[in-house]
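1. How does the following fold in three dimensions:
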Amino acid sequence: NKERTNKLHLSQATLGASARKGEVVRLKCRRADEGQDALFLCSLIAGSHECQLLDLIFDEYIELSIDGETEIHVTGFTAILDDDSSSYD
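-> The predicted model follows:
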C-alpha cells in the first residue's frame with residue numbers, strides 16, 4: 001500500500017536585521033493539534049550566533065513561534081513523498 005504524505009523540511013533559521021547586539025531570540029515549535037509545551041529548536045544571539053542550520057523534518061502540522069523581540073526568518077521546503085508501508089513487513 002502506497003500512501004502520499006507531506007513533509008516539511010526546515011533548513012535554516014536566521015535572526016532578523018533589527019536585532020540589538022547581544023539580544024537572544026529562541027525559535028520553538030509545537031504540534032498544532034495538541035496543547036503540549038513547545039520544543040526549543042535553536043537560540044540565536046545578535047552579533048555572535050545569528051544563523052543556525054536545522055535539517056529538521058516534520059510530517060505533521062506544527063506551529064512555529066519565538067521567545068524574544070526580533071523576528072527569525074526560517075527557510076525550508078515541503079515535499080510530497082510516497083510511503084510504502086509494505087516495505088517494512
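
2. From now on I want contacts and neighbour counts done on CA atoms only, so please keep to that.
-> Fine.

3. And the strands in the protein?
-> Assigned by DSSP state E, the strands in the chain fall at 2-15, 24-31, 39-45, 51-58, 62-67, 72-84.

4. what are the pairing partners of the shortest one, and which direction each?
-> In this case it means strand 62-67. strand 24-31 (antiparallel) (DSSP bridges).

5. Give me the contact list for the partner strand.
-> With contact meaning CA atoms under 8 Å, 6 or more residues apart in numbering, strand 24-31 is reached by 15, 36-46, 60-70, 72.

6. Return the set of buried residues in that strand.
-> 24-28, 30-31 (16 or more other CA atoms under 10 Å).

7. now it: mean pLDDT?
-> Here strand 24-31 scores 94 as its mean pLDDT.

8. Could you do stretch 45-63 as well?
-> 94.

9. Can you name the residues bridging to residue 5?
-> The partner residues for residue 5, given DSSP bridges, come to residue 81.

10. For the residue nearest the centre of the chain, give me its contacts.
-> The chain has residue 10 as the residue nearest its centroid, 4.9 Å off, counting by CA atoms, centre = their mean. With contact set as CA under 8 Å, 6+ apart, residue 10 has these partners: 54-57, 74-77.

11. before we move on, the earlier item: for the strands of the chain, state which one has the densest average packing.
-> strand 24-31 (a mean of 18; mean count of other CA atoms under 10 Å).

12. quick one: that strand to chain centroid distance?
-> Distance, stretch centre to chain centre, for strand 24-31: 8 Å (CA atoms, centre = their mean, to the nearest Å).
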